[in-house]
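In: please find the sequence and the predicted model below.
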Amino acid sequence: MKITVLGAGAMGALFGGYLAERNEVYLVDVDARRVERINAEGVRIREQDGTEKVYHPVAVTETAGLPEMDLVIVFVKAMYTESALEANCGLIGPETYLMTLQNGAGHESKLLKFADRAHVVIGTTQHNSSLLGDGHVNHGGGGKTVIGLLDGGSERLRGIAETFTASGFACTTSDEVKAQIWRKLFLNTAASTLTGILQVPLGYILENRYACELMEAMAREAVTVANAEGAAVFDAESVIAEIKEVLSRSRAGYTSIYADVKNGARTEVDTISGSVVEAAHALGVPVPFHEMAVKLIHALEGRGSWK
C-alpha cells in the first residue's frame with residue numbers, strides 16, 4: 001500500500017515507522033533538518049522495555065512528483081491540518097482515503113475540503129508516543145485503533161485495518177467510530193490535559209490522589225456532555241475505569257500537550273478540552289473544570305514569550 005503520513009512528530013513517526021516495514025511509506029514534515037536526519041538514520045522507536053528498533057520510511061519536505069496515494073494519514077497539529085493538506089493535495093486522488101487519527105474531535109470538517117465523504121476516514125488510537133529527538137520517539141503504550149467512515153459502510157476499510165494490524169497497530173473498523181472518538185476524548189481531556197498543566201507523565205495521574213480526583217471530575221463532565229449530544233450513552237464510572245486502565249499501561253508515557261507546554265509551544269487544547277467546552281456551551285451543560293483547564297493551558301503557552 002502507498003501511504004503518506006503528514007507530520008513527523010511523535011505519533012507521525014511512530015505510525016510512519018511501523019507502517020514502513022510492510023508498505024511504501026512517505027513521511028512529510030516541513031522541518032528540513034528533521035527530514036534529513038530521518039533519511040540518514042531512520043526512525044528510532046524506543047519500546048516500553050527499553051529496546052529500540054530503526055525503521056526506514058522515506059522522509060520528504062515536499063511531495064511534488066509523488067504519485068497519488070492509497071492512504072494519507074494526517075498527524076500534524078490540528079491548527080495546521082488545512083495548510084498541510086493544501087500543500088500536499090497532489091497526493092489525494094479520487095480513490096485516496098484521507099484519514100485523521102488526531103487527538104480531539106471535529107477534524108473531518110477540514111478533511112472534507114479535500115476528499116468526498118466516502119473517502120474521509122475518522123478514527124482513534126490508544127497508542128501513545130513522545131518525541132525524544134528528530135526521528136527518535138518513545139512508544140509509551142499501545143492498545144486498540146478503531147477507524148470508520150462518516151456515513152457507515154466502514155467494512156470497506158477492512159484492507160486498511162488489516163494493513164495496520166499487520167504492522168503492529170491492532171485495528172478494527174466500526175460504524176460507531178464517533179462514539180470511539182468520544183472515548184479517546186475522555187482520556188485526552190481528563191488525563192492528557194492534566195499532564196500538560198502539571199508537567200508529569202501519565203502514571204502520575206493515577207498515583208497522586210489530587211491529580212486522580214481532578215481526572216475523575218473532568219471525565220464526569222465530558223461524559224455528561226457526550227450523553228447530552230447523543231453520540232452514545234456512556235457510564236461515567238465505567239469511563240473512569242477505562243481511563244485508569246490505559247494510564248496503568250502507559251505510566252511512563254508523555255503526551256503532546258505535556259511536550260508543547262514544556263517547550264513553550266502552542267498546544268492542541270482547543271480541539272481536545274476546548275471541543276468539550278464548545279459542545280457543552282451549545283448544549284447548555286456546565287463544565288467549569290474544562291473551562292479552567294483550557295485557560296490554564298493557554299496561560300502556560302504564553303510563558304515562552306514573557307520577559
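Out: The structure has been received and is ready for your questions.
In: what is V28 paired to in the beta sheet?
Out: V28 has these beta-bridge partners by DSSP bridges: L6, V60.
In: where do the strands sit along the stretch 1-150 of the chain?
Out: Under the criterion DSSP state E, counting those that start in this stretch, strands of the stretch 1-150 of the chain are mapped to 2-6, 24-28, 43-46, 52-55, 58-60, 71-74, 97-100, 120-125, 128-133, 136-141, 145-149.
In: who wins for proximity to Y18 among the ones you listed?
Out: Distance to Y18, taken as Cβ to Cβ, is lowest for strand 52-55 among those, at 6.7 Å. (C-beta placed from N, C-alpha, C; glycine too.)
In: mind listing what that closest one pairs with, with the direction of each?
Out: Using DSSP bridges, strand 52-55 pairs in its sheet with strand 43-46 (antiparallel).
In: follow-up on the earlier one: so which of the strands of the stretch 1-150 of the chain is nearest K184?
Out: Minimum separation from K184 across the strands of the stretch 1-150 of the chain (Cβ to Cβ) falls at strand 120-125, 3.9 Å.
In: next one: the closest one to chain centre, how far?
Out: Once both centres are worked out by Cα atoms, centre = their mean, to the nearest Å, strand 120-125 turns out to sit 10 Å from its chain's centre.
In: then stretch 137-148?
Out: On Cα atoms, centre = their mean, the centre of stretch 137-148 falls 9 Å from the chain's centre.
In: average model confidence for the longest helix along the chain?
Out: In the chain, assigned by DSSP state H, the helix with the most residues is helix 209-229. Averaged over helix 209-229, pLDDT sits at 97.
In: quick one, domains of the chain?
Out: As assigned by automatic domain parsing, the chain contains the domains 2-175, 179-301.
In: can you put those domains in JSON lines and add mean neighbour count?
Out: Compiled in JSON lines, the domains of the chain are given as follows (neighbours: other Cβ atoms under 10 Å):
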{"stretch": "domain 2-175", "mean neighbour count": "19"}
{"stretch": "domain 179-301", "mean neighbour count": "20"}
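In: got the residue ranges for the helices in the stretch 201-307 of the chain?
Out: Under the criterion DSSP state H, counting those that start in this stretch, the stretch 201-307 of the chain contains helices at 202-207, 209-229, 236-249, 256-262, 273-283, 288-301.
In: out of those helices, which is closest to A40?
Out: Going by Cβ to Cβ, the one of those nearest A40 is helix 256-262, 23.5 Å.
In: off-centre distance for that closest one?
Out: Using Cα atoms, centre = their mean, the offset of helix 256-262 from its chain centre is 14 Å.
In: report all helices and strands that it contacts.
Out: Judged by 3 or more Cβ pairs under 8 Å, 6 or more residues apart in numbering; DSSP states H and E, helix 256-262 is in contact with helix 10-20, strand 128-133, helix 193-198, helix 288-301.
In: for the last one, give the mean pLDDT please.
Out: Mean pLDDT, computed over helix 288-301, is 97.
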